[in-house]
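J.: just need the structure, nothing else, for what follows:
(2 chains)
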Amino acid sequence: MSNLKRKMAVTAGKLSIYVSKAFNKSGTALPGKVALTIDKDILNIINEKCDKIILVTGTNGKTTTNNLLNHIIKQTSVELLSNLRGANMIQGVMTTYMCNTKNHYDYGIFEVDEGSLNRITKYLKPDYIIITNFFRDQLDRYGEIDNIVKDVYDTVANLPNTKLILNADDPIVNKFNQLNNTCINYGLNLNFEIFTNDNLNLKNCPLCDGKLIFSKRTYGHFGDYKCNKCDYRRIYPSYICSNIEEYENSQVIVIEHDKNTVSIDFPYMGLYNVYNVLSAYTLTNILGISDELIINAMKTFNFSLGRMDEMNYKGKIVKIILTKNPIGLSEVINLISKDKRSKTIIHILNDNPADGEDISWIWDANTVCKNEDSILNYYCSGIRAEEIALKKKYDNVSLDKIHINDNFKSIINTALEDSVEIIYILPTYTAVFDTRDYVEKITS
Amino acid sequence: MQLNIFHMYPEQLNLYGDIGNIKCLKRRCTQRNIETEIYNFSDENKYDLNMGDIFFIGGGSDRSQQLVYKDFLEYKTIFKDLIENNKVVLAVCGGYQLLGRKFIDKNGNEIPGLGILDYESKYLTDKRIIGNIILESTLDLEPNKIVGFENHGGRTFSKYQPLGKVLVGKGNNDTDMVEGIVYHNYIGTYLHGPILPKNPQLADYLILKALQNKYGDVEELNKLDDEIEHQAYQKAIRIMMNK
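T.: Residues are numbered from 1 along each chain as shown, chains lettered A, B, ... in the order given. The predicted structure is shown next:
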């Protein structure tokens, strides 16, 4: 009976792929949703067919890390199943199987939404979980960050055989070292005093009421820290980034582990990408993949799903970067601030459920560009275009630089004609794919 | 003219972009040549509360609020007097709950509030009140609607004048269809957004009250260019009314 139910679920799920294609909908979770309606335990099928399961969870960096892992691991000629497009709730994970049904996979690698980890691990028993970080994100969906962290913590506590790959620089993630699981930590150990003086949102020790004292900070609440009241402190990581050299369009990331040093030439900028590279290196090294193969894979990594995306139009570069929460937006603005080229910025702010209906998060981001002179215009678009325009006004941007238009297509058309070297487009989640498709259409 | 703006416990109570309220007050004063000084009041940085003209108390996680409560309690009497003496106080969400008599949590435990005013909040259901909200204000504002976003687990029950009648959303609780409270120049509300930048009429109301309280005969504030504010406000109303 249960076998029949499962077969029906798979068939119906696959059928829905054709139906949604016929209606030209690229709904990334529908087939999984259909299958789950028929058999709520259908996710077991993935657990049975994958030899090893790796999950990536946390607020930021899930999709990039997942894509990096895939790009590296697939060089070893193995069969993978993975949700590369970022559909990371239970339906999304199920959908990846519907779209790529095989009898056996060497690895199942999935990014998992923090709020879905509990439900998904009822079926998928991971060998490894990478926990990237915890920042404020989509509080309208989950309430408070404390609740999300507790939920993930309790879930992982029930998976004692799962090995954890932890970002020790994040005091909240570092807390997972208290669990009985085998924990492997990664972090930055640069010779920096303090990278950032941005407002620190996290001041209190995750264990007691004490205050966290930071001796170093990289960004957000990442750094080296200890509690002034109890003995809580950052675990010294075994995978360490010891140096970064930044170039215009790439960075060389030096990683040290167990007396071994590797230099990774990575074609994307940003400190957040250093963390993504570091976590992906840590896991693939643990899996026994050679440094040579990892280095080559990292060098050729091409991420074309909206996190960082580059196209050309009449000699101008058009760069699309997803911005969906305060820390992400702040870091992207930080990156843009380092870019000396003449530029125009397009913000696309939507408030659909998948973006978070509460757009107040933009006020928690540091959106002031430090090289204002090199910015010709700010175009504000999306459902809540005016809100981001108001934030730019508060950043003391000259009002004649701010342009509002809900229609992202017409605003992109206008912006593309600006006499600048580079156009940055910063959409929220529900705008990113449409933006990419549209820019691709007009630039090709 | 000059105003001292006290941001109460900014490190602990700083959820949902509420820092925008401080930026808004400062900006709208500066544009009118009203000098401002911001005081970040916390367990580590103490200032004489009697110096303050406007006080802002934001919301925090349950844990942060507990940490703040212990320290804030020492200033209960002073703060009560400030409110009785018509000082301007804006408390949002957790800050709003904190100034009330008590909060009754999920397990029926009574967590005392500062008890500065006689209203209480309680846990009633796991379902948080989350969504866009529009009020028709009880204050003399032009325009008189207030727009924002509410996100709270607790429900508040009060007999004071509300900040507004709820046109879209829930407000204080699931039944009364009112939101917030007004008592002298104290406004308690659940509205994030942040509330002040896109409701500049409310920001100006607070600034004017603070000036009148400090300097007496101030009649009105000069108008500012609020074109983008107005557009954001109108868009919010349009979206919420059509949903």
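J.: flag every residue of chain B that's near chain A.
T.: B:11-12, B:14-20, B:23-24, B:27, B:61-64, B:67, B:128, B:130-132, B:149, B:151, B:153, B:192-194, B:197-198, B:225, B:228-229, B:231-232, B:235, B:239 (CB under 8 Å from any CB of the partner chain). From N, CA and C alone the C-beta is placed, and that goes for glycine too.
J.: partners of the residue lying closest to residue A:50 once chain neighbours are set aside in the sheet?
T.: In space, and not counting its chain neighbours, residue A:50 is closest to residue A:108: 3.4 Å by CB to CB, 6 or more residues apart in numbering or on different chains. Taking DSSP bridges as the rule, residue A:108 bridges to residue A:53, residue A:81.
J.: residue A:108 - how many residues pack around it?
T.: 25 (other CB atoms under 10 Å in any protein chain shown).
J.: for residue A:311, same thing?
T.: 18.
J.: what bridges to it?
T.: residue A:318.
J.: filter the residues of chain B next to chain A to the buried ones?
T.: B:11-12, B:14-20, B:23-24, B:27, B:61-62, B:64, B:67, B:128, B:130-132, B:149, B:151, B:153, B:192-194, B:197-198, B:228-229, B:231-232, B:235 (16 or more other CB atoms under 10 Å in any protein chain shown).
J.: those in helices, which ones?
T.: B:19-20, B:23-24, B:27, B:62, B:64, B:67, B:228-229, B:231-232, B:235 (DSSP state H).
J.: out of the residues you listed, which one has the lowest pLDDT?
T.: Least confident entry in these, by pLDDT: residue B:62, with 74.
J.: surely that one touches residue A:146?
T.: Yes: using CB atoms under 8 Å, residue B:62 is in contact with residue A:146, at 7.0 Å.
J.: how far away is residue A:366 from residue A:330?
T.: Taking CB to CB, to the nearest Å as the measure, residue A:366 falls 4 Å from residue A:330.
J.: what does residue B:15 give?
T.: In terms of CB to CB, residue B:15 sits 17 Å off from residue A:330.
J.: now residue B:227
T.: In terms of CB to CB, residue B:227 sits 27 Å off from residue A:330.
J.: more neighbours: these two, which one.
T.: Higher neighbour count among residue B:227 and residue A:330: residue A:330, with 21 against 14, using other CB under 10 Å.
J.: give me the element the more buried one is part of.
T.: Assigned by DSSP states H and E, residue A:330 falls within helix A:326-338.
J.: contacting residues around that helix?
T.: In this structure, residues lying in contact with helix A:326-338 by CB atoms under 8 Å, 6 or more residues apart in numbering or on different chains are A:59-60, A:135-136, A:198, A:219-220, A:246, A:269-272, A:321-323, A:343, A:345, A:361-362, A:364-371, A:424, A:426.
J.: hey, which helix or strand in the chain has the poorest pLDDT?
T.: As the question left the chain open, I've gone with chain A. Across the helices and strands of chain A, the lowest-confidence element by mean pLDDT, DSSP states H and E is helix A:139-142, at a mean of 54.
J.: you answered for a different chain; I wanted chain B.
T.: Quick look at chain B via mean pLDDT, DSSP H and E: least confident is helix B:62-72, a mean of 82.
J.: buried residues in the helix or strand that that one is followed by?
T.: Going down the chain from helix B:62-72, the next helix or strand is helix B:76-84, by DSSP H and E. Buried residues in helix B:76-84, defined by neighbour count with 16+ other CB under 10 Å: B:79, B:82, B:83.
J.: can you lay out those residues as JSON lines showing pLDDT?
T.: Formatted as JSON lines, those follow (pLDDT from 0 to 100):
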{"residue": "B:79", "pLDDT": "93"}
{"residue": "B:82", "pLDDT": "96"}
{"residue": "B:83", "pLDDT": "96"}
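J.: which among these gets closest to chain A?
T.: Distance to chain A across the buried residues of helix B:76-84 (CB to the nearest CB) is lowest for residue B:79, with 22.4 Å.
J.: the closest one touches residue B:49, doesn't it?
T.: Yes: if you go by CB under 8 Å, residue B:79 and residue B:49 touch, sitting 6.8 Å apart.
J.: distance check, the residue sitting furthest away from the middle of chain B against residue A:324.
T.: Going by CA atoms, centre = their mean, the residue of chain B most distant from its centre is residue B:107, 27.5 Å out. Going from residue B:107 to residue A:324 by CB to CB gives 35 Å.
J.: ok so, going back, let me know the angle separating the helix or strand following the helix holding residue A:330 from helix A:326-338.
T.: Next in sequence after helix A:326-338, counting helices and strands by DSSP H and E, comes strand A:343-348. Counting by axes from the mean of the first three to the mean of the last three CA atoms, to 10 degrees, strand A:343-348 lies at 160 degrees to helix A:326-338.
J.: in chain A, which residue sits closest to chain B?
T.: residue A:363 (2.9 Å).
J.: give me the low-pLDDT residue ranges for the chain?
T.: You didn't pick a chain, so chain A it is. For chain A, the stretches flagged by pLDDT under 70 are A:1, A:21-28, A:137-144, A:191-201, A:304-308.
J.: how does it look with 80?
T.: Filtered on pLDDT under 80, chain A yields the residue ranges A:1-2, A:17-29, A:86, A:136-145, A:190-203, A:209, A:248, A:303-309.
J.: tell me which parts of it are close to chain B?
T.: A:136, A:139-140, A:143-146, A:200-201, A:203-204, A:209, A:351, A:357-364, A:383-387, A:389-390, A:393-394, A:399, A:402, A:404.
J.: which of these fall within strands?
T.: A:402, A:404 (DSSP state E).
J.: restricted to buried residues, select the residues of chain A next to chain B in PyMOL.
T.: In PyMOL, this line selects whichever of the residues of chain A next to chain B come out buried by 16+ other CB under 10 Å:
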select buried, chain A and resi 136+139+140+143+144+145+146+201+203+204+351+357+358+359+360+361+362+363+364+383+384+385+386+387+389+390+393+394+402+404
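J.: pretty sure residue A:58 contacts residue A:145?
T.: No: contact criterion CB under 8 Å: residue A:58 and residue A:145 do not qualify, at 11.7 Å.
J.: how about the residue nearest the centre of chain A: what's its closest non-neighbour residue?
T.: Centroid-nearest residue in chain A: residue A:61, 2.6 Å away (criterion: CA atoms, centre = their mean). Spatial nearest neighbour of residue A:61, chain neighbours left out: residue A:132 (4.3 Å); criterion: CB to CB, 6+ apart.
J.: following element in sequence after the helix ranked longest in chain A, please.
T.: Longest helix in chain A, counting residues (DSSP H): helix A:2-22. The helix or strand immediately downstream of helix A:2-22 is helix A:30-38, counting by DSSP H and E.
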